[in-house]
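A.B. asks: Take this sequence and fold it.
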Amino acid sequence: MAALRIKLPSARSIRLTAGLIMFTYASCHLISHATGLFLLNVIERIGHDIILAPWRTPLGLSLLLAAFLTHLGLGLWALYRRRHLRMPAIEAWQLGLGLTIPLLLAPHVTDARLGVLYYGLEDSYFRVLYVFWVLDPLTNLSRQLALLIAVWTHGCIGIHMWLRYRPWYGRHVRWFAAAAIALPALAILGVINAGWDTVLRSAVEPGFSSAHSPSPAQGADVAWLTFRLQLIYLVLLAGVLVLRSLRNAHERHIKGIEIDYRAVRRITVPRGFSILEASRWASVPHASVCGGRGRCTTCRVRVWRGLEDLAPPAPIELAALKRVGAPDGIRLACQVRPTSDVSVTPLLPATQPAGGWQLDIAEARERPIPALNTDLRDSVRLAAGRLPFDALFILDRYVQATSSAILANGGHIISVAGDGIMSVFGAHTNATTAAQQALAAAAAIWRNIDQISTELA
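C.D. replies: Purely as a prediction, here's the structure:
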């Protein structure tokens, strides 16, 4: 009887799910703020009582809290696992913003939710905007603006890193970018408009200030709770950094792992490094589009020595390798942490060419495409006994006839070297349609060549 196998989600998928839940809440929060464009009463009745209402239920609060703690815990664990902090700029921004958000978030959480639940604060935009715009606008508004920018930028980077390999995302990325800019802009304008309405009503409406202003005792309780939450987070963060330092110091005192890049370099790194981390640590050029998340295969290497001593691929690595049909001996450098000496060769170039075709590897994705290569048989003999102008005229007619047939059938010419023309099909279609286009182009080339032969006979 076959054993029942349950596939558990990976830490990355759990972290992604938690991040998507919080990003959804952040989007609802910004939409709620944007209703302030219609003044204070609308932001309270529509934004607070309708848009944010599901998140204020016990289920919504529990889901949001679980997502936040999960995302934070897995983020700190990922920070601990890093052997060094050398990384591309976009990863550094995402990490830095992620570590800053809890500090900026603590005052907002204690005032908007914990203060309501435990200290009896009024649960409304009236009180929040009164505190922000009347009691201490400079401190509160600057802090909230920094929180909005940090949360939204961190979330948008994560969404982009997650979706950028999807073909449909590449086709609509401009709309995503427009929404990513428009939503926080409208939210800020809505808060400003509702804030001005709050200031005006507090000045002319009797009893408005006393009805929505927290008592000094409530303010002191919220401030003390904020300080404790920030202190707890700083202790956790400091603990992670201290543990990293102790682990790194321990690993430096034991025999390291030698990674031989064959014709490139041979380096020795502490145990626990992934091959990609070792490359970055030693400044060895190594392609990596997804930043070591196992979502692409650009960091893949061929393992020449030490393959039998490596741990078998985890599900996320195995799925990526199967997707590209990788043969035996190919592993993802970001997922492999050698425990003994290895010899590897990165399979994709880490730098762009100096001239000619420029490939934006940051937006690249792998896909099956047909390639069509044509050249003139015995082209040297064709030129023999003819004047140079005649030979060039024939070659030019051949290139025109071939390239026009390729372009007319949806192909892209990527190289013309003398009488050799290389083309590919399928940049904007599926593999089946691309293959049909390539065959149609080949037939059209034959027809065009036959016509030229008749004309020049």
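A.B. asks: So which residues of the chain form strands?
C.D. replies: 257-260, 266-269, 300-305, 330-332, 342-346, 371-374, 411-417, 420-425 (DSSP state E).
A.B. asks: can you list the residues that contact the first one?
C.D. replies: Contacts to strand 257-260, defined as Cβ atoms under 8 Å, 6 or more residues apart in numbering, come from residues 266-271, 273, 275, 278, 305, 338-344. Just so you know, the C-beta spots here come from the backbone N, C-alpha and C atoms, and that holds for glycine as well.
A.B. asks: of those residues, buried ones?
C.D. replies: Neighbour-count burial (16 or more other Cβ atoms under 10 Å) is assigned, among the contacts of strand 257-260, to 267, 269-271, 273, 275, 278, 338, 341-344.
A.B. asks: now the residues you listed as a markdown table including distance to Ala371?
C.D. replies: Formatted as a markdown table, the buried ones among the contacts of strand 257-260 follow (distance: Cβ to Cβ, whole Å):
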| residue | distance to Ala371 |
| --- | --- |
| Ile267 | 36 |
| Val269 | 39 |
| Pro270 | 43 |
| Arg271 | 43 |
| Phe273 | 37 |
| Ile275 | 30 |
| Ala278 | 34 |
| Pro338 | 36 |
| Asp341 | 38 |
| Val342 | 33 |
| Ser343 | 31 |
| Val344 | 28 |
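A.B. asks: and the residues you listed, which two are the farthest apart?
C.D. replies: Taking Cβ to Cβ, the two most distant members of these are Pro270 and Ser343; they sit 18.5 Å apart.
A.B. asks: okay, and for the protein, where does confidence drop off?
C.D. replies: Within the chain, the segments meeting pLDDT under 70 span 1-8, 351-366, 385-386, 389, 457.
A.B. asks: biggest helix in it by residues?
C.D. replies: Across the chain, the longest stretch assigned as helix under DSSP state H is helix 216-252.
A.B. asks: buried set for that one?
C.D. replies: Residues of helix 216-252 classed as buried by neighbour count (16+ other Cβ under 10 Å): 218-219, 221-222, 225-226, 229-230, 233, 237, 240, 244, 247, 251.
A.B. asks: again with stretch 189-197
C.D. replies: For stretch 189-197, by 16+ other Cβ under 10 Å, it's 190-191, 193-195, 197.
A.B. asks: Which of those sits closest to Ile449?
C.D. replies: Minimum distance to Ile449 across the buried residues of stretch 189-197 is 65.7 Å, recorded for Gly190 (Cβ to Cβ).
A.B. asks: That closest one and Arg45, how far apart?
C.D. replies: 14 Å (Cβ to Cβ, to the nearest Å).
A.B. asks: Kindly report the same for Pro9.
C.D. replies: From Pro9 over to Arg45 (counting by Cβ to Cβ), the distance is 39 Å.
A.B. asks: go on, Gly329?
C.D. replies: In this view, Gly329 and Arg45 are 64 Å apart by Cβ to Cβ.
A.B. asks: cool, and Leu186?
C.D. replies: 18 Å.
A.B. asks: same thing with Ser62?
C.D. replies: 26 Å.
A.B. asks: neighbour count winner among the two?
C.D. replies: Arg45 (13 against 10; other Cβ atoms under 10 Å).
A.B. asks: show me what contacts Arg337?
C.D. replies: When contacts are counted by Cβ under 8 Å, 6+ apart, Arg337 is found next to 272-275, 311.
A.B. asks: In helices, which of the residues you listed appear?
C.D. replies: Ile275.
A.B. asks: which one of the contacts of Arg337 is nearest Ala443?
C.D. replies: Closest to Ala443, out of all of these and judged by Cβ to Cβ, is Ile275, at 46.5 Å.
A.B. asks: That closest one: what's its closest spatial neighbour, skipping adjacent residues?
C.D. replies: Leaving aside its sequence neighbours, Ile275 sits nearest to Ala333 (Cβ to Cβ, 6 or more residues apart in numbering; 3.8 Å).
A.B. asks: so who does that neighbour touch?
C.D. replies: Ala333 neighbours (Cβ under 8 Å, 6+ apart): 274-276, 279, 286, 288, 299-301, 344, 346.
A.B. asks: Pull the most distant pair out of those residues.
C.D. replies: Ser288 and Val344 (14.0 Å).
A.B. asks: ranges for the helices of the stretch 1-150 of the chain?
C.D. replies: 11-34, 40-42, 58-81, 89-109, 115-119, 125-130, 137-163 (DSSP state H, counting those that start in this stretch).
A.B. asks: With respect to His212, which of those helices lies nearest?
C.D. replies: Of all these, it is helix 125-130 that lies closest to His212, at 4.5 Å by Cβ to Cβ.
A.B. asks: From the chain's centroid, how far away is the closest one?
C.D. replies: Distance of helix 125-130 from the chain centroid (Cα atoms, centre = their mean, to the nearest Å) equals 35 Å.
A.B. asks: what packs against it?
C.D. replies: With contacts defined as 3 or more Cβ pairs under 8 Å, 6 or more residues apart in numbering; DSSP states H and E, the packing partners of helix 125-130 are helix 40-42, helix 173-204, helix 208-212.
A.B. asks: give me that answer again for 10 Å
C.D. replies: helix 40-42, helix 137-163, helix 173-204, helix 208-212 (3 or more Cβ pairs under 10 Å, 6 or more residues apart in numbering; DSSP states H and E).
A.B. asks: Make CSV from those and add distance to Leu76 to it.
C.D. replies: Output for the helices and strands packed on helix 125-130, formatted as CSV (distance: least, Cβ to Cβ, whole Å):
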stretch, distance to Leu76
helix 40-42, 39
helix 137-163, 15
helix 173-204, 26
helix 208-212, 38
